[in-house]
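1. Got a predicted model here, sequence first, then my questions.
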Amino acid sequence: MFKKIFGKREEVLKSIQLIAPVSGKMLTIEEVPDPVFSQKMMGDGVAFEPQEGKIVAPADGEIIQVFPTKHAIGIKAVNGAEILIHIGLETVGMKGEGFTVHVSEGKKVKQGDVLVTVDLNLVKEKASSIITPMIITNLNDMQSIEKSSLSSVIAGEQAVMTIEAK
């Protein structure tokens, strides 16, 4: 009992690196052809033009939301950052067609775990764009966000953002 009260507390990470959730071309958030993202209405981040349809966890954390239409995933990282990965633009209208989700709400994930696979050709055909934003939605809880200037990334390999919680 006393060990729980007086025992060493686990150190909570304040600063984490997010890896590329998808392989392809990295874009600034301002380059996203949708004002909700480019004008940072939902938060700040980066975006990707995927070359393949495998989306991986950018950080260790917990799945806090899987949209019913499977086009977006919310993750709460170990430092408290809330990350939204929105696969393609105007993909909500696809009603999940072409998306296979490999996680569920409440599931703990490790950086690099596969979250979703998507048929990019179907997205190109049925949605306005395959561009995939990755947004930090709880900016008020974050001290700083540093974005990489990489132009090309491989899923699960390159760090694309460093986020520090307050």
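-> Okay, I see it.
2. going forward, measure contacts between C-alpha atoms and count neighbours the same way
-> OK.
3. quick one: average confidence on the helix or strand hosting Met26?
-> Per DSSP states H and E: Met26 is located in strand 24-28. Regarding strand 24-28, the rounded mean pLDDT is 98.
4. So which other helices or strands are in contact with it?
-> strand 44-50, strand 152-153 (3 or more CA pairs under 8 Å, 6 or more residues apart in numbering; DSSP states H and E).
5. The ones you listed: which one's closest to Leu27?
-> strand 44-50 (5.0 Å; CA to CA).
6. Just list the residues touching the most centrally placed residue in the chain, thanks.
-> Centroid check for the chain by CA atoms, centre = their mean gives Ile85 as the closest residue, at 3.6 Å. Each residue near Ile85 by CA atoms under 8 Å, 6 or more residues apart in numbering is listed here: Ala72, Ile73, Gly74, Thr132, Pro133, Met134, Ile135.
7. For the fifth one, which three-state class applies?
-> In this case it means Pro133. strand (DSSP: H, G, I helix; E, B strand; the rest coil).
8. now the one 10 residues further on
-> When classified by three-state DSSP, Gln143 comes out as strand.
9. now the end-to-end length of stretch 134-143.
-> Start-to-end span of stretch 134-143 (CA to CA, to the nearest Å) is 18 Å.
10. Kindly state the beta-bridge partners for Glu82.
-> For Glu82, the beta-bridge partners are Lys76 (DSSP bridges).
11. so it makes contact with Met142?
-> No - using CA atoms under 8 Å as the test, Glu82 is too far from Met142 to be in contact (9.8 Å).
12. who has more neighbours, these two?
-> Shown here are Glu82 and Met142; by other CA atoms under 10 Å, Glu82 has more neighbours (22 against 19).
13. how much space between the more buried one and Asn121?
-> 29 Å.
14. cool, Lys108 as well?
-> From Lys108 to Asn121 the distance is 30 Å (CA to CA).
15. Looking at those two now, which is surrounded by more residues?
-> Between Lys108 and Asn121, Lys108 has the larger neighbour count (other CA under 10 Å), namely 16 against 13.
16. Please report phi then psi for the more buried one.
-> Main-chain dihedrals, Lys108, degrees, to the nearest 10: phi -80, psi 140.
17. Touching, it and Ala59? I think so.
-> No - applying CA under 8 Å as the test, Lys108 and Ala59 come out as separate, 10.5 Å apart.
18. Can you mark which positions in the host helix or strand of Ile63 are buried?
-> For Ile63, the element it lies in under DSSP H and E is strand 61-66. Within strand 61-66, the residues that count as buried by 16 or more other CA atoms under 10 Å are Gly61, Glu62, Ile63, Ile64, Gln65, Val66.
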